[in-house]
Structure formats: structure tokens, C-alpha cells
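**Q** next one to model:
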Amino acid sequence: MTKTNKKQELIFNKNEDEIKLKIAALNRQIDKISLGGGEKRIEKHHSKGKLTARERIDLLLDKGADRIEIGVFAGYGMYKEYGGCPAAGVVVVIGYVAEKQCIVVANDATVKAGAWFPITGKKNLRAQEIAIENKLPILYLVDSAGVFLPLQDEIFPDKENFGRIFRNNAVMSSMGITQIAAVMGSCVAGGAYLPIMSDESLIVDKTGSIFLAGSYLVKAAIGENIDNETLGGATTHTEISGVCDYKSPDDKTCLKTIRDIMDKIGKSEDAGFDRKQPSKPKLDEKEIYGIFPESRNTPYRTLSIIERLVDNSEFTEYKEGYGKTIICGYARIDGWAVGIVANNREIIKTKSGEVQFGGVIYSDSADKSARFIMNCNQKKIPLVFLQDVSGFMVGSRSEHGGIIKDGAKLVSTMANSVVPKFTIILGNSYGAGNYAMCGKAYDPRLIVGWPTAQVAVMGGAQAAKVLLQIEVASKKAKGEELTKKEEDDLYNKVKEKYDNQTKPLYAASRIWLDAIIDPLDTRKWISMGIDAANHAPIEKAYNVGVMQT
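**A** Below you'll find the model as predicted:
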């Protein structure tokens, strides 16, 4: 083995070790989060004859079928003064019930009795957004004490708060999207509207209850003495009020009934996205671990990643010799036809001798990408964005060359895209690069990050240098100067803050990302995402509006 090959092997092994350590750490966190409120709360839950949210989902979904969880890290590191809110107190999974793809939303009553924190509302709305965009059936497994009162001002009155859930119930009903609600625990106050606003509702005897106000509040408000079971239990709502359609003796029977209902649902028109027999990549997917660099500043060959993600490792590159800092091309992922737009992280030398930096968007690459996105919309091919972007090229040469105009063209064609978009953040996702490469603000059907993802206006070191320069200039204007120690302290303080905020867990906890995934699960996420999107035929013509060309 030559010295060069030995060095490459050492780098490969180091990269592989680093990403595997990150994945192992994430899996440990997921195991902890999956316990919800903890083992004692789970035991107490079981003592009432109830299954946990995750146990209910396991029984409901088809055994052995693929599934993906949305927002498992939602709320991570937040609400520490209240003891935390693991997974935002609600479990959201896209999977299959009776071989029909759907999204399941299950309150976790082991976390603060399933009470709604602000992040719980955001996660529920994200689940409904996925259902609306993809016309995907949505199943609610309700077990919640309602709004978390200490934070009611952050969850109750605004447009994107608790009330939006019921608005979405009504909108989805008008769109013909199947909604089934199973009341498997508490369903109180405003939340009591959810079962009756769904197509069909089920309730579990003795553990399920629905009422606008519980017995204590009824006593305080109107002086009536009544117990909760008589007020709003299963018998009341299936034999007297007619609120619920099915009464189940236990959780398992309730879940079987949902499966029976889903089994009878007819097939709807699909969007017609092309799919052939799926094939694995010819190149070893696991080599991604060693190819993808540990350092976010290290160049690498992005095509080597793409070739390990696509079927048969076959990729038809568009405008291969032009606009090289973005790679565009056609491929298949798990059989589905896709158009891929990926930041190229190689250092590129143009024919004129210019050096272009990998991960930076130049005018020519923006122009190429815009044209490619138009082609995919014309051909009805879903788009996959692989982000590892530092931003757009700056400086007089770029500005005089119209980088803003070309960047605007890319953003416009991407934002108005009518085919579904899916975004995978591999590494950097900085500034306007995040926007141009279909960040969260641009409606990707799913957006996930690898454990190496970093989402921010700019990197920590870059931000610290900029703010330090501003502070030094401000002091000089006042005739003052920072000491070397003061400069170092300011730099380190800003860098530490930015570094913490760029970590993928920070983004996932706030649902900027739907998940942080093992790179080897990338194909599954894209495939299940397109399968979901195929439920929703494209009804809008592609029009990018006014653009300066």
C-alpha cells in the first residue's frame, strides 16, 4: 500500500468512526425519549389497563412494513423548568395500516398526562400539514389532559396554536382526507371537538372520556354533582349523545376496529409519479460513512455520495460541464424517478483558470439549477435536494455578474415548484443557501438532516469574526479599544453560542427538521415521502411568475 492510499484509508476510517459515534449517541437519546415520562409513569399507565402511545402505534401499524417517525426530537432540551417534554408529548409516525399509507398521531399520556405544550401544538400542526399536502389519511389516538396551563398564552390564542388543529380538521374533511379519532384516555375542553370533527370516532370503555368541562369544573360552574364516567364516558357518548360511533372494551379491540375500517377504504387517484422495480445501489451504501468528511470545511466528491444513494448507482447528470458547484441529474431511488439537486463540495477549476469553492453557489450553478427544476416540473418528476451549502458567492466579481439575479431565479423556480420536494441536509445549511436549496421555509414535503447537519445563518467561527469586527470598529469610533483578552472572550462567547445553535438536535427540537437520520435511512425516507406525495394529484400549473433573466 502506498503512503497516499494509507493516508486515504486512515481518513476514511476516521470519518466512519466519527459518524458512527454520532449515530450511536442519537440512538441512545431516542431510546431515552421513547420512554416518555419514564418507566414509573409507564407502569402506572399500564395499571389502568392502557397501552402507551408507542405500544398502540405498534399494534395499529402493519407488522414488518416500513415506517418513519416525525419529530422524535421535538422539545429536546426545552421546558427544563417543567421537567421537560420528551418528543413534545405526542408520537407521530408515517406507516401503513391494512396496506394503506397513513399518518398516526398518538398523545403520550406518560408525559404530563398528554398535556399540550407550545411545541406539542407545532408538532401536531406539522402532522396535519403532511396529511393535507399529501392527502394522506390521518389517525388520531387521543389521550390528553388538554392545554398545559402554565404556558397557555403560548399555545391557546394565535393562528398557529391549538385552535388551528380543529380548523385543519374541517379543511381536511372538505378535501376528502380520511380522519379517524380513537379516544383512548382523556379528551377534554377544546380537544373534545376533535373526535366529532373526524369522519369516524371510537372510544374505549372505562378509560376514554370526552367533555368540554370535567366534573369538578361542572360543580364549580353550575353546581351539578356528576362523575366523569356518567358525564362523558364511553356509554354516554355511544348510547346517549351519539358523539362516538364505536365503543371498544379495551385498547387492542379499538385498534383492531381502526384496522378493519382502514381495510375497507377505496383507492383514490394518484399523482402518477413514475416507479419501476426498486434496486439497491451497486456501490456499497455503507461507504458513505467513510467518504463523508468529519470536518465541515473538507472538500469531498458529492457524486460519490449520490452513487451510493440511487438505484444501481446510475445517475444521468444534467449540464455536467457547466455550473459545477451544483450537481443536477436524474436517477431512481427505491424505484421512484427523482431529480436530484446537490451541492458539489469539490474544489473546481474552470477552463479560465478560476477556482470555485465547493458548497458555494455561483451564478452559473444557480442558472443551471433553475433550468433543471423547470424541467422536473415539466416532466412531473419529484425533486430531492441534498444540502451541504455555505451560501452564495460574494465579492465584486459576483455582484457585477448578477449573482443576486441568478440566485433569485433559482429561488423562484424552486419556491413555485408543483412537484413534491424533499430536502436532506448532509452538512452545512447556511444563510441564503438554505433557502435556495429548499429549506424549511420552502415547503419540502419532508426535511431531515444527517447527524452532521448544521443549520444557521452562518458558521460559529464566521459569525464570531464578523461580530468581533463590528465591536472593534464600534469601540474605535468612540476612541476606545478592546484588549486582546476582551477580543478572545467575545469571540469565544459568540462562537460557543452559534456552535450550539447549529447542532442538528437544536434544529430538530424546534421541528426545523422532521428528523435526524442515519445516512443509510435516506433512501427509505425519500421513498416513503414520494409514496405519500403520490396520494395527491398535481392540480396547479407550474408558473414561476416574473423573473429577470
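**Q** residue ranges for the strands of the stretch 201-350 of the chain, please.
**A** With DSSP state E, counting those that start in this stretch as the criterion, the stretch 201-350 of the chain has strands at 209-211, 246-248, 316-318, 326-333, 336-343, 348-349.
**Q** export the ones you listed to a markdown table and append columns for mean pLDDT, mean neighbour count and distance to Trp450.
**A** Every C-beta, even on glycine, is put in place using the N, C-alpha and C of the backbone. Below are the strands of the stretch 201-350 of the chain laid out as a markdown table (pLDDT from 0 to 100; neighbours: other CB atoms under 10 Å; distance: least, CB to CB, whole Å):
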| stretch | mean pLDDT | mean neighbour count | distance to Trp450 |
| --- | --- | --- | --- |
| strand 209-211 | 91 | 24 | 42 |
| strand 246-248 | 97 | 21 | 41 |
| strand 316-318 | 98 | 15 | 23 |
| strand 326-333 | 98 | 23 | 16 |
| strand 336-343 | 98 | 25 | 13 |
| strand 348-349 | 82 | 14 | 23 |
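**Q** is it true that Gly233 touches Val204?
**A** No - with contact defined as CB atoms under 8 Å, Gly233 does not reach Val204; the gap is 9.8 Å.
**Q** so which of those two has more stuff around it?
**A** A side-by-side neighbour count of Gly233 and Val204, using other CB atoms under 10 Å, places Val204 first with 28 against 22.
**Q** who's in contact with the residue nearest to Glu487 when sequence neighbours are not counted?
**A** Once flanking residues are discounted, Glu487 sits nearest to Leu468: 6.2 Å by CB to CB, 6 or more residues apart in numbering. Going by CB atoms under 8 Å, 6 or more residues apart in numbering, Leu468 touches Glu487, Leu490, Tyr491, Val494.
**Q** ok, Arg28 next?
**A** Not one residue lies near Arg28 by CB under 8 Å, 6+ apart.
**Q** quick one: low-confidence residue ranges for the protein.
**A** By pLDDT under 70, the weakly predicted segments of the chain are 1-4, 458, 547-549.
**Q** which residue lies farthest from the center of it?
**A** Within the chain, the residue lying farthest from the chain centre (CA atoms, centre = their mean) is Gly479, at 49.1 Å.
**Q** thinking again about what came up before, now name the helix or strand holding the residue nearest to Glu487.
**A** Here Leu468 sits within helix 460-477, counting by DSSP states H and E.
**Q** list the buried residues in that helix.
**A** Gly460, Gln462, Ala463, Ala464, Leu467, Leu468, Glu471, Val472 (16 or more other CB atoms under 10 Å).
**Q** all helices of the stretch 151-300 of the chain, in order?
**A** Ranges of helices in the stretch 151-300 of the chain, per DSSP state H, counting those that start in this stretch, are 164-174, 193-197, 215-222, 228-232, 234-235, 251-263, 288-291.
**Q** name the residues that touch stretch 391-407?
**A** By CB under 8 Å, 6+ apart, the list of residues contacting stretch 391-407 from outside reads 356-357, 360-364, 366-367, 370, 430-433, 436, 458, 548.
**Q** quick one: buried ones out of the residues you listed?
**A** Buried members of the contacts of stretch 391-407, counted by 16+ other CB under 10 Å: 356, 360-364, 366-367, 370, 430-433, 436, 458.
**Q** of those residues, which belong to helices?
**A** Using DSSP state H, the subset of those located in helices is Ser363, Asp364, Ala366, Asp367, Ala370, Gly431, Ala432, Gly433, Ala436.
**Q** got those as CSV, with distance to Leu26 columns?
**A** Shown next, in CSV, are these (distance: CB to CB, whole Å):
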residue, distance to Leu26
Ser363, 38
Asp364, 37
Ala366, 33
Asp367, 38
Ala370, 35
Gly431, 26
Ala432, 28
Gly433, 24
Ala436, 28
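**Q** from those, which is closest to Ala145?
**A** Using CB to CB, Gly431 comes nearest to Ala145 of these, at 41.4 Å.
**Q** how about the nearest residue to the closest one, chain neighbours excluded?
**A** Gly391 (4.2 Å).
**Q** beta partners for that neighbour?
**A** Val360 (DSSP bridges).
**Q** quick check: next helix or strand after the biggest helix by length in the chain?
**A** In the chain, ranked by residue count with DSSP H as the criterion, the top helix is helix 3-33. The element immediately downstream of helix 3-33 (helix or strand, assigned by DSSP H and E) is helix 39-47.
**Q** what's downstream of that following helix, the next helix or strand?
**A** By DSSP H and E, the next helix or strand past helix 39-47 is helix 53-60.
**Q** can you give me the buried ones in that next one?
**A** Within helix 53-60, the residues that qualify as buried are Ala53, Arg54, Glu55, Arg56, Ile57, Leu59, Leu60, counting by 16+ other CB under 10 Å.
**Q** try stretch 166-180
**A** For stretch 166-180, the neighbour count (16+ other CB under 10 Å) marks Asn168, Asn169, Met172, Ile177, Thr178, Gln179, Ile180 as buried.
**Q** now stretch 36-49
**A** By 16+ other CB under 10 Å, the buried positions in stretch 36-49 come out as Gly36, Gly37, Arg41, Ile42, His45.
**Q** of these, closest to Met184?
**A** Using CB to CB, the buried residues of stretch 36-49 come closest to Met184 at His45, 10.8 Å.
**Q** who's in contact with the closest one?
**A** Contacts for His45 (CB under 8 Å, 6+ apart) come out as Leu51, Thr52, Ala109, Thr110.
**Q** quick one: the third one from Gly208, how far?
**A** Taking CB to CB, to the nearest Å as the criterion, Ala109 is separated from Gly208 by 12 Å.
**Q** hey, what's in contact with both of the two?
**A** Counting by CB under 8 Å, 6+ apart, the contacts common to Ala109 and Gly208 are Gly185.
**Q** OK, contacts around the closest residue in space to Thr238 that isn't next to it in sequence?
**A** Distances taken as CB to CB, 6+ apart place Lys247 nearest to Thr238, at 4.2 Å, with adjacent residues excluded. Applying CB under 8 Å, 6+ apart to Lys247 gives the contacts Leu202, Ile203, Asp205, Ala234, Thr235, Thr238.
**Q** one more: Ile11?
**A** Contacts of Ile11 (CB under 8 Å, 6+ apart): Pro293.
**Q** rerun that using 10 Å as the cut-off
**A** By CB atoms under 10 Å, 6 or more residues apart in numbering, Ile11 lies in contact with Gly290, Ile291, Pro293, Glu294, Thr298.
**Q** one more: Lys493?
**A** Counting by CB under 10 Å, 6+ apart, Lys493 makes contact with Ala464, Leu467.
**Q** same check on Asn543?
**A** Asn543 is in contact with Asn377, Asn416, Val418, counting by CB under 10 Å, 6+ apart.
**Q** wait, the second one sits on Cys438?
**A** No - if you go by CB atoms under 10 Å, Asn416 and Cys438 don't touch, sitting 11.9 Å apart.
**Q** which neighbours do these two have in common?
**A** Ile373.
**Q** so those two - more neighbours on which side?
**A** When Asn416 and Cys438 are compared for neighbours, Cys438 comes out ahead with 25 against 17, by other CB under 10 Å.
**Q** make sure I have this right: the more buried one is in a helix.
**A** No - assessed with DSSP: H, G, I helix; E, B strand; the rest coil, Cys438 is coil; it does not lie in a helix.
**Q** touching, it and Val419? I think so.
**A** No - the pair Cys438 / Val419 is not scored as a contact, 11.6 Å apart, by CB under 10 Å.
**Q** any shared contact partners between these two?
**A** With CB under 10 Å, 6+ apart, Cys438 and Val419 have common neighbours Ile373, Leu383.
**Q** list the contacts for Trp336?
**A** When contacts are counted by CB under 10 Å, 6+ apart, Trp336 touches 273-276, 278, 311, 381-382, 384, 523, 526-527, 529-531, 533-534.
**Q** dump the residue contacts of the residue nearest to Val355 when sequence neighbours are not counted.
**A** Leaving aside its chain neighbours, Val355 sits nearest to Lys349 (5.8 Å; criterion: CB to CB, 6+ apart). Going by CB under 10 Å, 6+ apart, Lys349 touches Lys324, Val355, Gln356.
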